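just the structure for this:
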Amino acid sequence: MTGFDHVTTWVFDLDETLYPPDTPLFPQIAERMVGWIMAELSVSAEEAERLRARWWHDHGTTLAGLMEEHGTDPDPFLADVHDIDFSVLTPAPDLRAAIAVLPGRRIIHTNGTADYAERVLSARGLTGLWDAIHGIEHSEHHIPKPNPRNYAATHARDGLRPDRSAMFEDSTRNLAVPHALGMATIHVAPAPEPAPHIHHHTADLTAFLRGIASPG
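Next comes the predicted model:
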């Protein structure tokens, strides 16, 4: 596949990018978030879910909304909501092989924690492939994607050049800033969501990566 010869850093989101979106993993996190909000704010499950959805929409993550509006300590929250069953994930040897042959650096950029990312990667059989894992704890004040400050912090920490990088993401809104910075953007999702900041779409990440490695 042409168009990636300039890329020296391959940036991958984690959740619902490096595993299928129908995997029952993030729903576990969402359920724990709702439980946390109910306990912390003494609200009903319905109100907690409404707040969770609003904070994700307005702030980028539920945690960002909790921190902004209620001064929540991020570390206990993150430890609690990531205490889930990772056995629902299955190893992905074909995806591993496709990532392993990408030339240059390979990194993770996630709104989850690095520890959580390590557990997901272990369950998927994708450990040992990465030059760096950048979690939400590495961003100033836990500011998440799609806030430009998150990308600035991650790129500075990693030393990557946006014009020599490609980013794979399941969330179209999280690709707007990378596109503006000059990164190649690849939307990984079952269905395309056409947008001017999306260069490529794929419903099959493994096949797409094999295409990059293949000549022509």
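
only C-alpha atoms for contact and neighbour calcs from this point on.
Will do.

low-confidence stretches in this protein?
Confidence mapping of the chain against pLDDT under 70 gives the ranges 1, 215-216.

please enumerate the strands of it.
Ranges of strands in the chain, per DSSP state E, are 9-12, 105-109, 132-134, 165-169, 184-188, 200-202.

who touches the residue nearest to residue 28 when sequence neighbours are not counted in this structure?
Using Cα to Cα, 6 or more residues apart in numbering and skipping residues adjacent in sequence, the residue nearest residue 28 is residue 84, 6.5 Å away. When the contact criterion is Cα atoms under 8 Å, 6 or more residues apart in numbering, the partners of residue 84 are 25, 28, 29.

list the contacts for the last one?
Spelled out, it's residue 29. Contacts for residue 29 (Cα under 8 Å, 6+ apart) come out as 81, 82, 84.

one more time with 10 Å, if that's ok
35, 78, 80, 81, 82, 83, 84, 85 (Cα atoms under 10 Å, 6 or more residues apart in numbering).

between these, which sits nearest residue 2?
Set against residue 2, the nearest of the contacts of residue 29 by Cα to Cα is residue 82 (38.4 Å).

for the residue sitting furthest away from the middle of the chain, give me its contacts.
Relative to the centre of the chain, the most outlying C-alpha is that of residue 42, 30.0 Å out, by Cα atoms, centre = their mean. If a contact means Cα under 10 Å, 6+ apart, then residue 42 has 36, 48 as its contacts.

I figured residue 188 was touching residue 207, is that so?
No: taking contacts as Cα atoms under 10 Å, residue 188 lies outside contact range of residue 207: 11.4 Å.

more neighbours: which of the two?
Using other Cα atoms under 10 Å as the criterion, residue 188 and residue 207 rank with residue 188 on top: 25 against 14.

next up, phi/psi of the closest residue to the more buried one other than its chain neighbours, please.
The spatial neighbour of residue 188 that comes closest, neighbours along the chain excluded (Cα to Cα, 6+ apart), is residue 170 at 4.6 Å. Per-residue torsions, residue 170: phi -90, psi -20 (degrees, to the nearest 10).

doesn't residue 18 make contact with residue 170?
Yes: taking Cα under 10 Å as the definition, residue 170 is a contact partner of residue 18 at 9.2 Å.

need the overlap of contacts for these two.
Contacts common to residue 170 and residue 18, judged by Cα under 10 Å, 6+ apart, are 12, 188.

sorry, back to before: and which of the contacts of residue 29 is nearest residue 145?
Looking across these and measuring by Cα to Cα, the closest to residue 145 is residue 78, at 16.0 Å.

state the distance from residue 33 to residue 157.
For residue 33, the distance to residue 157 (Cα to Cα, to the nearest Å) stands at 29 Å.
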